[in-house]
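Peer 1: give me the fold of what follows.
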Amino acid sequence: MTRTLQLWLRTSLALLVLLFCATRAEAQTDDRSTPRRALVTFLDAAKRGDYTRAAAGLDLRTPTPSTRKMKGPELAEQLYLVVERAVSLDLEDVSDDPKGKLDDGNPAFDVFATLQTDKGTVPLSLALVAGKGWLVKSDSVGSVPDLYDRYGPPWLEERLPQSITEPRLGHMALWKWVGLIVALIAALAIGIGLNAVVVSVARRITTTTKAKWDDNLVERLHGPSRAFVCLVTFRALLVLLGLPASLTEAIGTILKISFIFVVAWAVTVVVGLVADDIESRAVVAAKTHTSEFRARGIRTQVQVLRRVITIAVGVVASALMLTQFEVVRNVGMSLLASAGVAGVVLGLAAQRTIGSLIAGIQLSITQPVRIGDEVVIEKEFGVIEEITLTYVVVKIWDERRLLVPMTRFFEQPFENWTKVSAPLHGTVFLHAHPSLPIAAVRQELDRLVSDHPLWDHRTKKVQVTDSNDRAIIVRVLVSAQSSGALGDLRNDLREQLLKWLSSYEDGRYLPALELAK
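Peer 2: Numbers count the residues shown, from 1 in each chain. Model prediction:
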């Protein structure tokens with residue numbers, strides 16, 4: 001059993017060695033038959049640190065003054081570092097045709113990157129060299145020193161010992177992975193601390209003013225400002241790491257999305273602050289009868305417009321975030337090409353939703369109802385409690401909530417008891433004998449309402465509105481400052497007048513029994 005196990009282990013080890021050697025040999029096979037394969041061969045050799053092999057992919061036949069004293073491996077290393085840091089390379093864009101790309105009859109070459117230097121634009125290209133295949137063009141090789149000066153290792157990497165910079169994890173140096181984590185932690189710490197200092201200073205400045213909105217602004221912007229400072233700090237620390245272009249581009253996209261989110265967050269906070277300030281002023285103004293209706297109208301407009309702006313900011317921010325991705329931009333262009341058909345389809349599908357949104361905006365402008373208005377709708381009496389972009393919440397007298405679609409207020413009639421003013425008139429009806437002296441009723445009404453706290457001293461009338469051979473109908477008309485006060489006043493007067501009629505002259509003026517039935 002032991003010999004069998006030993007034999008199995010030896011066989012497995014031999015197979016692994018053969019597989020490793022085969023893989024190694026395959027990985028080191030140079031293929032420069034096409035531009036793409038030549039570039040892959042160069043990058044593979046450079047990633048393994050074999051710059052001598054990578055230099056075989058450079059056309060060194062016509063050295064420039066800047067490269068005449070430099071050796072091939074040194075140029076290959078510098079070129080690789082430039083490509084790694086500054087070029088977001090997509091090999092699918094590089095030709096895999098042995099003939100490469102022909103450009104107006106010029107010799108075959110393939111540009112795989114374009115970079116900027118102090119001397120202008122520098123294309124990095126591959127050219128077909130007889131007997132050697134595709135090599136990095138001599139002109140591009142001559143520009144390597146200038147490119148290295150601009151896109152080479154950052155200040156921090158140049159001062160680190162080689163024992164730290166050499167170990168790699170994947171396609172990037174190990175110390176850069178560690179540095180990325182450290183930069184993130186440092187950005188959070190520095191950002192939070194720096195923001196705390198700025199907010200503390202801002203609070204001291206705002207406390208010296210009499211206004212309150214600036215204090216609220218500092219408190220509400222604390223979150224967005226902290227996130228913004230952390231992002232800026234992290235972006236600044238990334239420069240010290242000199243990350244590869246592909247990773248830099250990915251992190252840059254994430255940072256752009258984060259910045260858009262923070263800006264949208266800050267705009268929403270400012271809109272909310274302005275809306276709350278206007279609403280608080282409206283609430284204070286609503287305590288006086290002269291400004292009550294104007295204040296309620298302002299509150300309605302502010303709440304609706306606040307929701308509209310918040311939704312608009314969210315939509316714009318989401319669109320900007322999505323456009324950071326190439327796939328979404330391509331899809332967006334395709335959608336724009338068919339915008340007519342898509343618009344019709346979406347319009348039909350979302351007809352009711354869009355109608356409700358438009359109705360919400362229209363309501364904030366025309367204001368058939370406002371927050372706090374007393375209405376009768378669907379045979380229910382209530383107060384407008386909340387107005388959204390799609391529906392209105394009506395608080396019914398028994399504490400229930402009636403949710404009414406926004407379009408209902410434009411398509412069907414309803415009663416608004418406080419559209420123009422809150423004071424209302426109400427009636428109390430009495431049935432009495434035809435011989436009842438109306439002057440006595442007026443005298444009793446004067447006594448009842450003279451000191452009544454709910455009567456607003458505007459209207460008090462007693463009229464006979466109907467009669468027959470058995471009874472008369474007496475209407476008592478009074479007024480009050482609100483529907484609630486009017487309801488209580490009517491109930492109180494009804495009770496007191498019936499009590500008076502029953503006791504006045506021993507109740508002789510009560511209606512006949514047949515009428516009561």
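Peer 1: wait, a helix at residue 115?
Peer 2: No. Using DSSP: H, G, I helix; E, B strand; the rest coil, the assignment for residue 115 is strand, not a helix.
Peer 1: residue 114 versus the residue lying closest to it once chain neighbours are set aside, what's the distance?
Peer 2: Closest residue in space to residue 115, ignoring its immediate chain neighbours: residue 122 at 5.2 Å, by C-beta to C-beta, 6 or more residues apart in numbering. C-beta: built from backbone N, CA, C; applies to glycine. Distance, residue 122 to residue 114, by C-beta to C-beta, to the nearest Å: 7 Å.
Peer 1: neighbour-wise, which of those two wins?
Peer 2: residue 122 (20 against 11; other C-beta atoms under 10 Å).
Peer 1: how far away from the center of its chain is the helix or strand that one falls within?
Peer 2: If you go by DSSP states H and E, residue 122 is part of strand 120-129. Its chain's C-alpha centre lies 44 Å from the corresponding centre of strand 120-129 when counted by C-alpha atoms, centre = their mean, to the nearest Å.
Peer 1: ok, and what's touching the helix or strand that it is followed by?
Peer 2: Later in the chain than strand 120-129, the nearest helix or strand by DSSP H and E is strand 133-136. For strand 133-136, contacts defined as C-beta atoms under 8 Å, 6 or more residues apart in numbering pick out 32-35, 37-38, 42, 57-59, 79, 100, 110, 124-129.
Peer 1: 6 Å - rerun?
Peer 2: 32-33, 35, 38, 57-59, 126, 128-129 (C-beta atoms under 6 Å, 6 or more residues apart in numbering).
Peer 1: and what of stretch 493-506?
Peer 2: So stretch 493-506 is contacted by 428, 430, 444, 448 (C-beta under 6 Å, 6+ apart).
Peer 1: the nearest residue to the last one once chain neighbours are set aside: which element?
Peer 2: Going back to what we said before, that points to residue 448. Nearest in space to residue 448, with sequence neighbours left out and distances taken as C-beta to C-beta, 6+ apart, is residue 496 at 5.4 Å. With elements taken from DSSP H and E, the one containing residue 496 is helix 483-503.
Peer 1: which ones are touching the most centrally placed residue in the chain?
Peer 2: By C-alpha atoms, centre = their mean, the chain has its centre lying nearest to residue 314, at 3.4 Å. Applying C-beta under 6 Å, 6+ apart to residue 314 gives no contacts.
Peer 1: relative to residue 90, how far out is it?
Peer 2: 33 Å.
Peer 1: low pLDDT regions in the stretch 351-500 of the chain?
Peer 2: Across the stretch 351-500 of the chain, the ranges flagged by pLDDT under 70 are 351-357, 359-361, 364-365, 420-422.
Peer 1: now the helices for it?
Peer 2: In the stretch 351-500 of the chain, the helices defined using DSSP state H, counting those that start in this stretch lie at 351-366, 408-411, 438-450, 483-503.
Peer 1: nearest to residue 469 among those helices would be which one?
Peer 2: Closest approach to residue 469 among the helices of the stretch 351-500 of the chain (C-beta to C-beta): helix 438-450, 17.8 Å.
Peer 1: circling back to that earlier point, neighbouring strands - and their directions - for the strand holding residue 122?
Peer 2: Sheet partners assigned to strand 120-129 using DSSP bridges are listed as strand 109-117 (antiparallel), strand 133-136 (antiparallel).
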